[in-house]
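Engineer: Next input, structure requested:
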Amino acid sequence: MQYTVKYISPLGSVLLAADETGLTGLWFMGQKYFARNPETHYMEKETPILAQAGQWLDIYFSGREPELQVPLHVTGTAFQHKVWKLLCAIPYGQTTTYGAIARQLAMTDGAKRMSAQAVGGAVGHNPVSIMIPCHRVIGSNGSLTGYAGGLEKKAALLKLERGSI
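Structural biologist: Here you go, the predicted model:
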């Protein structure tokens, strides 16, 4: 069973989802790929994991890096999990590019090269945005590209982390 609660952030409403193991989703309401798991049944109910996720977001939106660890339980392909793990290693307030992640994956996997577009697909399907910081990935020319929650939210999250808000 999946449980959900709504969280009101400075950037709009967020839907949090969790099962008994960990947080399974964090989406801005109406974003691309919003709560995509039609076979899952959701019940609106706050659980300890969802309460913890709300505390994490309170700290984050206050402009501080949360030290609190929320257990995650995300589903995806092996490739997506590799990409999401690399996203979690991007330091708070910093950015990297899709190409840099692709090069890092290629080195790790012993491949000659990895497609930045494939990385972009995995980044875009991240079910736990903000906590798995896909907003910290930018285009090779420094442009803000490809955020399922919308580019204005991506820009706001980066400004928040850099102390510009």
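Engineer: residue ranges with poor pLDDT in the chain?
Structural biologist: Applying pLDDT under 70 to the chain flags residues 31-40, 164-165.
Engineer: Please verify my assumption that V128 contacts L72.
Structural biologist: Yes: using CB atoms under 8 Å, V128 makes contact with L72 at a distance of 5.9 Å. C-betas here are computed from N, CA, C, even on glycine.
Engineer: Give me the common contacts of these two.
Structural biologist: Common contacts of V128 and L72 (CB atoms under 8 Å, 6 or more residues apart in numbering): 23-24.
Engineer: Show me which of the two is the more surrounded one.
Structural biologist: Applying other CB atoms under 10 Å to V128 and L72 shows that V128 carries more neighbours, namely 24 against 20.
Engineer: Please report the distance of that one from S140.
Structural biologist: According to CB to CB, to the nearest Å, V128 stands 25 Å off from S140.
Engineer: Kindly report the same for V119.
Structural biologist: Per CB to CB, V119 is found 12 Å from S140.
Engineer: Neighbour count: the two, which is higher?
Structural biologist: Set side by side, V119 and S140 show more neighbours around V119, with 26 against 11, by other CB under 10 Å.
Engineer: same for the host helix or strand of the more buried one, what does it pack against?
Structural biologist: Assessed by DSSP states H and E, V119 sits inside helix 116-124. Packing partners of helix 116-124 (3 or more CB pairs under 8 Å, 6 or more residues apart in numbering; DSSP states H and E): helix 78-88, helix 98-109.
Engineer: neighbouring contacts of the shortest one?
Structural biologist: What it means is helix 78-88. With contact meaning CB under 8 Å, 6+ apart, helix 78-88 is reached by 74, 76, 101, 104-105, 108, 118-119, 122-123, 125-126, 132-134, 136-137.
Engineer: ok, now which ones touch the spatially most central residue of the chain?
Structural biologist: For the chain, the residue nearest the mean C-alpha position is S129 (2.2 Å; CA atoms, centre = their mean). Residues in contact with S129, defined by CB under 8 Å, 6+ apart, are 26-28, 31, 135, 148-149.
Engineer: Kindly report the same for A18.
Structural biologist: Going by CB under 8 Å, 6+ apart, A18 touches 2-4, 24-25, 47, 49-50, 53, 73.
Engineer: In PyMOL, how would I select the buried members of these?
Structural biologist: Selecting only the buried entries of these in PyMOL, with 16 or more other CB atoms under 10 Å as the criterion:
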select buried, resi 2+3+4+24+25+47+49+50+53+73
